[in-house]
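1. Kindly generate the corresponding structure for this input.
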Amino acid sequence: MGRGDNQLTLDDDALDAAEAETRRLLARYGHPRAVEPPAELAGRVMDVLVDPPPPPPPASRRRIYGGAILISFLVLFALGVWGVLLDSSGPARLFGDLGGGFSELLLILTLAAKPLINLLISSGAGSLIVLVAIVGGSWLWWQLLRRELAGSLEAGA
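-> Numbering: from 1, shown residues only. Below you'll find the model as predicted:
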């Protein structure tokens, strides 16, 4: 078998012969049974294929959503900086006493992040390189993921 030869690709005569042989073998078992297609099958298929996909949201809506996400991120970042660098219980007290609920969860997350942040701050240039590598890798991963999702959505549509 030479390079580029494909045993799975048959010419029309061989394909017709293989199909006839398969139908003859399956006829012993009563398969395949001829069934009438559902009414208006071709029309329903064409209706689905003809409808265009919904248009993407307008640019103004995307800007509004992007701005809302950016503001939310900045608020969370500010709360994290306040909790890790200044007062561990400060952000948690915004949501009630520290006895339970969301405020206790926020306090636990702040106290868990504190050693990691202090380690990164105290290690100096090494932590800066690691932080830049993490942010750059995350950005690259996100770009690859967006490209793959866009390609799979186009292929599926």
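2. Name the residues of the helix or strand residue 48 falls within that come out as buried.
-> Residue 48 is part of helix 41-50, with elements assigned from DSSP states H and E. Residues of helix 41-50 include none that count as buried (16 or more other Cβ atoms under 10 Å). Quick note: C-beta positions are derived from backbone N, CA and C, even for glycine.
3. Rounded mean pLDDT for that helix, please.
-> Mean per-residue pLDDT for helix 41-50: 82.
4. cool, and stretch 25-33?
-> pLDDT averaged over stretch 25-33 gives 80.
5. Toward the C-terminus, what is the element adjacent to the helix holding residue 48?
-> Heading C-terminal from helix 41-50, the first helix or strand you meet, by DSSP H and E, is helix 59-81.
6. Render the CA-only coordinates of the helix holding residue 48 in PDB, please.
-> What follows is helix 41-50, C-alpha atoms only, in PDB (Å, rounded to 0.1, in the frame of the first residue of the first chain):
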ATOM      1  CA  LEU A  41     -39.800  16.200   6.600                       C
ATOM      2  CA  ALA A  42     -38.100  18.100   3.700                       C
ATOM      3  CA  GLY A  43     -40.100  21.300   4.600                       C
ATOM      4  CA  ARG A  44     -39.100  21.100   8.300                       C
ATOM      5  CA  VAL A  45     -35.400  20.500   7.400                       C
ATOM      6  CA  MET A  46     -35.400  23.500   5.000                       C
ATOM      7  CA  ASP A  47     -37.100  25.700   7.600                       C
ATOM      8  CA  VAL A  48     -34.400  24.900  10.100                       C
ATOM      9  CA  LEU A  49     -31.600  25.400   7.600                       C
ATOM     10  CA  VAL A  50     -33.000  28.600   6.100                       C
END
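7. what's that helix in contact with?
-> Helix 41-50 is contacted by residues residue 38 when judged by Cβ atoms under 8 Å, 6 or more residues apart in numbering.
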